[in-house]
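Colleague: Got a sequence here, can you build the structure:
(2 chains)
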Protein chains: 2
Amino acid sequence: MTKQKISTRISESKKEKPASEQLEFGRVFTDHMFVMDYKESKGWHDPRIVPYQPITLDPASIVFHYGQTVFEGLKAYETKQGEVQLFRPEKNMQRLNRSNDRMCIPRIDEAFALEAINQLVHLDREWVPNAPGTSLYIRPFIISTEPYLGVAPSKQYQFIVILSPVGAYYKEGINPIRIAVENEFVRAVKGGTGEAKTAGNYASSLKAQEIVSEQGFAQVLWLDGLEKKYIEEVGSMNVFFKISGEVVTPALNGSILEGVTRNSVIQLLNHWDVPVTERKISMDEVYQAYKDGLLEEAFGAGTAAVISPIGELSWNGESLVINESQTGDISKKLYDTLTGIQYGSVSDPFGWTVKVNE
Amino acid sequence: MTKQKISTRISESKKEKPASEQLEFGRVFTDHMFVMDYKESKGWHDPRIVPYQPITLDPASIVFHYGQTVFEGLKAYETKQGEVQLFRPEKNMQRLNRSNDRMCIPRIDEAFALEAINQLVHLDREWVPNAPGTSLYIRPFIISTEPYLGVAPSKQYQFIVILSPVGAYYKEGINPIRIAVENEFVRAVKGGTGEAKTAGNYASSLKAQEIVSEQGFAQVLWLDGLEKKYIEEVGSMNVFFKISGEVVTPALNGSILEGVTRNSVIQLLNHWDVPVTERKISMDEVYQAYKDGLLEEAFGAGTAAVISPIGELSWNGESLVINESQTGDISKKLYDTLTGIQYGSVSDPFGWTVKVNE
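Modeller: Numbers count the residues shown, from 1 in each chain, chains lettered A, B, ... in the order given. Alright, predicted model coming up:
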């Protein structure tokens, strides 16, 4: 994978930008996108920035039938000084390649992909919103484009990056959510694709999410697929519990996504000398801690919402109200620190942010 | 879902048809395709037959990111009398709707979809190949087309049917294959999407398939995701074992695909008074039967290969050679009868075939 020059074709018309205050998540896209092709004979080739435009594919393309695809999600933030920066983007590219390995998709050159993202964000710089809590969501993804109905890895792919200005996940800042523990449906199991960021994991989550949404819950909490006993993730976030002063999060076991925010939370807690442990944790243990008055906080961690306090857990018909449905101290401190680093208002002792430049 | 008229736009140029003898699987497509759209406000609408053409989608379309999609596979056969017929197509449409339910996709009108398939196959009638063992593969599929990066069911879909003339799965007729029992990777688990015909199931199978292919095996045999003990499927087929005169196949348990060929095999065996049982069956049991000299036959059953005798099973480093790697009597009789009914050379006591007509 030699470094290649990225060609750029500028859009002749600029789309109207929505007001920063009215942004939703993932509905509006910028003027340009990055595209790169893969063929067995040529490897990854023809990297280009082009006007945002439809993808045209043969109806027999493997992605439509067998879902051989991976994606990533990260954000660009505007600082008070008017600079644009990314948060640990190299972690996303590393994970993209781990997902590629699992899904039989050829690896990308991580440094080159970061350079492509840098150039794309720089070109659409004016799309980075600046209202509080807003950012430019970056969605790199790879689709299998060979027109073939056999069940086999594709011999052709496209790597694409699109950008979407997004609003604050919670309009009024950080806000505790209600979560339902899922006892019927399973997100992933060891030996499956749970630790890869691939389409099928999300497709399989829709049904459970639809059912609990109708019951007024924001997300489901997934239990392990084997015993439906151990906690895995919440919605599309990793999950943490503070029990008797110790923060516990499920250990990476092959079916849990290795979140960048998860990793950052663990590093921050270590930095602050707050005890944090990655291990198996059962719903029974969380319930017992709750009954004993030892469950102090619970929160989800992910790119979209950063930190999402859990105010209520519904399990087997019982409602566990956590920290009186208020945002806990650790949740608040993590949220403030992480968003502070991301927006450049708090010092970045770990070197997590990367400036976007020409 | 009121019946709607299907508009037809005939292709201005006809593609060259490959020789029947040289057909592969799923690489060549006919002159036309069927398309129908879905919007929340209009339901399924605008059914049309159009020239085979690329699909043009926004890069943010849900199918590319979260794989919300379902598909089916069935075949049209030319009889000696020069008629074209389908094999139990209503079963495929029923299963498509069951898959739709699991994947939060709006149901289609099954009778209308069958009429669309009928009209499409009739229009591309000349593409139905007639060399022995060849057929016209029919691939109905639904993709989620809403441009939205939130993880939620799409509000827009396309239902598409494409056709592909395909060769005999085994060029020299029925032929025993070598299978490796998969101990590391998992295809599906109860509570997941294993019984739905959805993209993610196939994407997750690629890695295991790639590894065993390099070792010279045709397919993997999947064990259950919980204990890796009970037999589920082989490759993308259902699986049967004949032990001491009784045919056994894994019971439908929520993670196994309900195959149309599987169902037909069970009906035929019942019709012939051959004992057949749907139940849990472990790899230990199969191994013990093999050791005791009681494992008489093993075969896969699916639309692509119809009946695929298993000549060898590799498990934990040991090789189980079944029926001296020869096609067994029951496998042969099932293959001959099923293909005979499909091609109209054997009487169809069950009314399984449906003629394609104007």
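Colleague: Can you get me a residue count around A:Gln156?
Modeller: 17 (other C-beta atoms under 10 Å in any protein chain shown). Quick note: C-beta positions are derived from backbone N, CA and C, even for glycine.
Colleague: Report the contact partners of it.
Modeller: A:Asp37, A:Tyr38, A:Lys39, A:Glu40, A:Ser144, A:Thr145, A:Glu146 (C-beta atoms under 8 Å, 6 or more residues apart in numbering or on different chains).
Colleague: Narrow the residues you listed to those in strands?
Modeller: Per DSSP state E, strands hold the following members of those: A:Asp37, A:Tyr38, A:Lys39, A:Ser144.
Colleague: Most neighbours among the contacts of A:Gln156, please name it.
Modeller: A:Ser144 (28 neighbours).
Colleague: what sits against it?
Modeller: So A:Ser144 contacts A:Ser61, A:Ile62, A:Val63, A:Tyr66, A:Gln68, A:Thr69, A:Ile105, A:Pro153, A:Ser154, A:Gln156, A:Tyr157 (C-beta under 8 Å, 6+ apart).
Colleague: and the fifth one, how many neighbours?
Modeller: Around A:Gln68 sit 31 other residues, with neighbours defined as other C-beta under 10 Å.
Colleague: Not counting residues beside it along the chain, what's closest to it?
Modeller: If you skip the residues right next to it in sequence, A:Gln68 has A:Ser144 as its closest partner in space, 3.9 Å away by C-beta to C-beta, 6 or more residues apart in numbering or on different chains.
Colleague: does that neighbour have beta-bridge partners, and which?
Modeller: When bridges are called by DSSP bridges, A:Ser144 pairs up with A:Tyr157.
Colleague: Same question for A:Ser164.
Modeller: A:Tyr137.
Colleague: just checking, it touches A:Phe29?
Modeller: Yes - assessed by C-beta atoms under 8 Å, A:Ser164 is found in contact with A:Phe29 at 5.3 Å.
Colleague: Show me the common contact partners of those two, please.
Modeller: Counting by C-beta under 8 Å, 6+ apart, the residues touching both A:Ser164 and A:Phe29 are B:Ala60.
Colleague: With chain B as the reference, measure out to A:Arg107.
Modeller: According to C-beta to the nearest C-beta, to the nearest Å, A:Arg107 and chain B sit 14 Å apart.
Colleague: Could you give the number of residues near that residue?
Modeller: 12.
Colleague: Got the domain ranges for chain A?
Modeller: A:7-166, A:177-343 (automatic domain parsing).
Colleague: Show me where the stretch 51-200 of chain A has its strands.
Modeller: All strands of the stretch 51-200 of chain A, identified by DSSP state E, counting those that start in this stretch, fall at A:55-57, A:69-71, A:74-78, A:84-87, A:135-144, A:156-166, A:177-182.
Colleague: Tell me how many other residues crowd whichever residue of chain A sits closest to chain B.
Modeller: For chain A, the residue closest to chain B is A:Gly200, as judged by C-beta to the nearest C-beta, at 1.9 Å. A:Gly200: 29 surrounding residues under other C-beta under 10 Å.
Colleague: contacting residues for the nearest residue to it once chain neighbours are set aside?
Modeller: Nearest residue to A:Gly200 in three dimensions, chain neighbours excluded: B:Gly200, at 1.9 Å (C-beta to C-beta, 6+ apart). Residues in contact with B:Gly200 (C-beta under 8 Å, 6+ apart) are A:Gly67, A:Thr193, A:Thr198, A:Ala199, A:Gly200, A:Asn201, A:Ala203, A:Ser204, B:Gly67, B:Thr193.
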